[in-house]
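Undergrad: just a sequence and a predicted model for now, questions to come.
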2 protein chains.
Amino acid sequence: MQPEQIKKVNIKELARLLSLSTATVSKALKDSYEISEQTKKKVQEAALKYNYTPNPYASSLRKKKSKTIAVVLPEVDDNYFSLAIKGIQAIAEEKGYHLLMYLSHEKLSIEKAIIDACTSGRVDGVLISISKESNTASHLNQLIAEQIPVVFFDRAMDVFEAPRVITNDFESGYYAANLLLEKGCKKPVFLSVSSSLPICNLRAEGFLKALTDAGFKGKANDQLIYCDGTDAENYAQVKKLLKSKKRPDAVVGSVERLAIHAYFACQELGLTIPKDLKVVAFSSLEIAPILNPSLSTITQPAFETGKKAAEILFSNIEKPGKVKASETFILPTAYFERGSTL
Amino acid sequence: MQPEQIKKVNIKELARLLSLSTATVSKALKDSYEISEQTKKKVQEAALKYNYTPNPYASSLRKKKSKTIAVVLPEVDDNYFSLAIKGIQAIAEEKGYHLLMYLSHEKLSIEKAIIDACTSGRVDGVLISISKESNTASHLNQLIAEQIPVVFFDRAMDVFEAPRVITNDFESGYYAANLLLEKGCKKPVFLSVSSSLPICNLRAEGFLKALTDAGFKGKANDQLIYCDGTDAENYAQVKKLLKSKKRPDAVVGSVERLAIHAYFACQELGLTIPKDLKVVAFSSLEIAPILNPSLSTITQPAFETGKKAAEILFSNIEKPGKVKASETFILPTAYFERGSTL
């Protein structure tokens, strides 16, 4: 018979033994004001009893020794994200922090690997705009377990609670549809880049609601089209739509690239914007005024969104829980009427 | 008199005190099988005596465990750099490396601070496109001292030897000028974003050489204009030029933004491109074909440049000196004729 070994437990095992979440245990061990004295006592006694010792690497980082934050983006070739990075960078520089930049390329599997790398103790906080495929939050739970603050910006996740900086998406979608109806459009279509991202769904819902409110009877199928393939596939889809008998008389792009696809497709098909097709884009494109024709945009404050998200992240790095996980910050969009809707 | 303080030694000092190499001390502290039990004991006792505490972050890096490279850019809002990052990211992902992204905002002082951060052992290699102000290499010498490989891409430095991935700048400038002369332009001007960056100077020299070869007698002052202020200042300068009596009949922008400034200024001044002004830009702008009018571009292979630079960096991380510091890789530009020069 073997002698009884002194087995060490890690924080997850300790939490399981106590029937508490790892976040609660972690906070209790840190004497957080968010945890009751009773729970703290219970956790501290159990930590002693079960021989829990904190992981020094993780703990050194918990003390903010990495001075690094991660920013996880779906892509970087969108104007929106370039500007958002500038906003994040401005705050990170001010705070003397390093910025690790990761691209998920719209893949959940890559996003998971990235988050995994963050939890190894590499960063003090994570700013994330989720991929199109990210419909589960299991990978983000690791961050909570290690008390690494997370802030969503632009693309947030419904099934995970973390502070988020977003725009008034439903209202903006509603506004765009209304505007096209007022201009006499009979067949406006919303081009959505994803059927799963809340940000796109809200914009689409606002758009469809405006149509319903105006007494439209058409099928939602004809008013909302998902372009969620590769860039080349999306272009082919937009072109096919504009060549079809069901050709819309107006499109709203949920992202800049879909509107740009419409421009290129019109050029190729010999269609004229805005005569044959009116175009509106959710876009931060600075050169929208010099496109042919100039592009009407619903513009998100991209730079400010990045800045605000970074500010919240640093608040929570400096004082855990300062900005509550349930908080949502809405930075409103602005509409710029230009040649593509005249 | 002050009480004697407990001074901490680092691994180098500890090695010196023991007359051992730092590698031996490091291995001994890690209980390596390569080190005798006797030496291990000696080292461990000395570590205790002299109050040595390992820096886990630094030690992981010495083993190339940072698995991180830094990319230093002047800005990220240029289309060129967004694409170059994508190329770099593609290779970094393939190699399983993390990417730290830094922006110098065209300031030498910031670039110095960034390089300083890199030498602390944070990264295994540095990819850099220098700032407009970077006319000295003293900060980069630190990288050489620590054997951290460096590769220049796009904007390289003449006074520092490191592999570089650039384009055929002189030839491209020459080509642009020739093209405008063939179209009958009498007063073409080169708009340069910097008077110090070799990349801009080579483009300008090529441009001026074509003019000289064609028998132009004008002052270089009138043919080459430096727009090296802030974005707003550059715009004001371009607008002033286009309003002046000396108004050119064609401009070549050494970077995309200067050509974009010309577009906006023409719009504001009621000038028509290409009738009143022909425009060519060094640019990777994907939407150049849908500008009003479509923009003629000298396009650098931005994605490929980033990719190539990253490949060279990893070659030198994996096998120091594999790609010689004196090597220059030239990826040629392509010319796309469009509406702005018709």
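TA: Received the coordinates, thanks.

Undergrad: list the buried residues of stretch A:240-259.
TA: Within stretch A:240-259, the residues that count as buried by 16 or more other CB atoms under 10 Å in any protein chain shown are A:241-242, A:248-259. To be clear about C-beta, it is placed using only N, CA and C from the backbone, and glycine gets the same treatment.

Undergrad: could you do stretch A:90-98 as well?
TA: So stretch A:90-98, judged by 16+ other CB under 10 Å, has buried residues A:90-93, A:97-98.

Undergrad: picking up where we left off before, secondary structure and pLDDT added to the buried residues of stretch A:240-259, as TSV?
TA: As requested, the buried residues of stretch A:240-259 are arranged in TSV below (DSSP: H, G, I helix; E, B strand; the rest coil; pLDDT from 0 to 100):
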residue	secondary structure	pLDDT
A:241	helix	97
A:242	helix	97
A:248	coil	97
A:249	coil	97
A:250	strand	98
A:251	strand	98
A:252	strand	98
A:253	strand	97
A:254	coil	96
A:255	coil	93
A:256	helix	92
A:257	helix	93
A:258	helix	96
A:259	helix	97
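
Undergrad: so can I have JSON lines of these showing distance to residue A:138?
TA: Shown next, in JSON lines, are these (distance: CB to CB, whole Å):
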{"residue": "A:241", "distance to residue A:138": "36"}
{"residue": "A:242", "distance to residue A:138": "40"}
{"residue": "A:248", "distance to residue A:138": "39"}
{"residue": "A:249", "distance to residue A:138": "44"}
{"residue": "A:250", "distance to residue A:138": "40"}
{"residue": "A:251", "distance to residue A:138": "36"}
{"residue": "A:252", "distance to residue A:138": "33"}
{"residue": "A:253", "distance to residue A:138": "32"}
{"residue": "A:254", "distance to residue A:138": "27"}
{"residue": "A:255", "distance to residue A:138": "27"}
{"residue": "A:256", "distance to residue A:138": "31"}
{"residue": "A:257", "distance to residue A:138": "29"}
{"residue": "A:258", "distance to residue A:138": "30"}
{"residue": "A:259", "distance to residue A:138": "34"}
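
Undergrad: neighbours of the residue lying closest to residue A:9 once chain neighbours are set aside, how many?
TA: In this structure, residue A:9 finds its nearest non-sequential neighbour in residue A:50, 4.6 Å apart by CB to CB, 6 or more residues apart in numbering or on different chains. For residue A:50, the neighbour count with other CB atoms under 10 Å in any protein chain shown is 15.

Undergrad: ok, the buried residues of stretch A:90-98 vs chain B, which is closest?
TA: Closest approach to chain B among those (CB to the nearest CB): residue A:98, at 5.8 Å.

Undergrad: from the centroid of chain A, which residue is nearest?
TA: Residue closest to the mean C-alpha point of chain A, counted by CA atoms, centre = their mean, is residue A:155 at 1.8 Å.

Undergrad: and for stretch A:88-95, what's in contact with it?
TA: A:69, A:71, A:98-99, A:127, A:306-307, A:309-311, A:314, B:76, B:101, B:103, B:110 (CB atoms under 8 Å, 6 or more residues apart in numbering or on different chains).

Undergrad: among the residues you listed, which are in helices?
TA: If you go by DSSP state H, these have A:306-307, A:309-311, A:314, B:110 in helices.

Undergrad: hmm, back to that, residues in contact with the residue nearest to the centre of chain A?
TA: Applying CB under 8 Å, 6+ apart to residue A:155 gives the contacts A:74, A:129-130, A:197-199.

Undergrad: where's it relative to residue A:172, distance?
TA: 15 Å (CB to CB, to the nearest Å).

Undergrad: pLDDT weak spots in the stretch 1-150 of chain A?
TA: A:1-8, A:31, A:33, A:53-65, A:120 (pLDDT under 70).

Undergrad: now swap in the stretch 151-300 of chain A and tell me
TA: For the stretch 151-300 of chain A (pLDDT under 70), the answer is A:220.

Undergrad: near chain B, which residues of it show up?
TA: Within reach of chain B by CB under 8 Å from any CB of the partner chain, the stretch 151-300 of chain A has these residues: A:260, A:263-264, A:267, A:286-287, A:289-294.

Undergrad: which one of those is nearest to chain B?
TA: Using CB to the nearest CB, those come closest to chain B at residue A:292, 3.6 Å.

Undergrad: how many other residues sit next to the closest one?
TA: The burial count for residue A:292: 18, using other CB under 10 Å.

Undergrad: which residues touch the residue lying closest to it once chain neighbours are set aside?
TA: Nearest residue to residue A:292 in three dimensions, chain neighbours excluded: residue B:292, at 3.6 Å (CB to CB, 6+ apart). Residues in contact with residue B:292, defined by CB under 8 Å, 6+ apart, are A:290-294, B:263.

Undergrad: from those residues, which two are the most distant?
TA: A:293 and B:263 (13.8 Å; CB to CB).

Undergrad: more neighbours, those two?
TA: More neighbours surround residue B:263 than the other of residue A:293 and residue B:263, with 24 against 20 (other CB under 10 Å).

Undergrad: show me what contacts that one?
TA: If you count contacts by CB under 8 Å, 6+ apart, residue B:263 has them with A:287, A:290, B:273, B:279, B:291-292, B:295.

Undergrad: so it, which state does it fall into?
TA: At residue B:263 the chain is in helix, as set by DSSP: H, G, I helix; E, B strand; the rest coil.

Undergrad: around the residue of the stretch 101-250 of chain A found nearest chain B, how many other residues sit close by?
TA: Closest contact between the stretch 101-250 of chain A and chain B, by CB to the nearest CB, is at residue A:101 (4.3 Å). As a burial measure, residue A:101 scores 21 neighbours (other CB under 10 Å).

Undergrad: not counting sequence-adjacent ones, nearest residue to it?
TA: Leaving aside its chain neighbours, residue A:101 sits nearest to residue B:101 (4.3 Å; criterion: CB to CB, 6+ apart).

Undergrad: please tell me how far the one you found sits from residue A:24.
TA: 35 Å.

Undergrad: same question for residue A:112.
TA: Taken as CB to CB, the span from residue A:112 to residue A:24 is 24 Å.

Undergrad: and the ones in helices among the contacts of stretch A:88-95, which is the shakiest by pLDDT?
TA: Lowest pLDDT among the ones in helices among the contacts of stretch A:88-95: residue B:110, with 87.

Undergrad: can you show me the helices along the stretch 151-300 of chain A?
TA: A:169-182, A:198-213, A:220-223, A:231-243, A:256-269 (DSSP state H, counting those that start in this stretch).

Undergrad: kindly report the same for the stretch 1-150 of chain A.
TA: Using DSSP H, counting those that start in this stretch, the helices found in the stretch 1-150 of chain A span residues A:11-18, A:22-29, A:37-49, A:56-62, A:79-94, A:108-117, A:138-145.

Undergrad: closest to residue B:163 out of the ones you listed?
TA: Between these, helix A:79-94 lies closest to residue B:163; by CB to CB that is 26.9 Å.

Undergrad: what does residue A:285 show for phi and psi?
TA: Main-chain torsions, residue A:285, degrees, to the nearest 10: phi -60, psi 120.

Undergrad: ok, for it, nearest residue in space, not its chain neighbours?
TA: Per CB to CB, 6+ apart, closest to residue A:285 is residue A:79, 5.1 Å.

Undergrad: over to residue A:115?
TA: The nearest residue in space to residue A:115 (CB to CB, 6+ apart) is residue A:139, at 4.5 Å.
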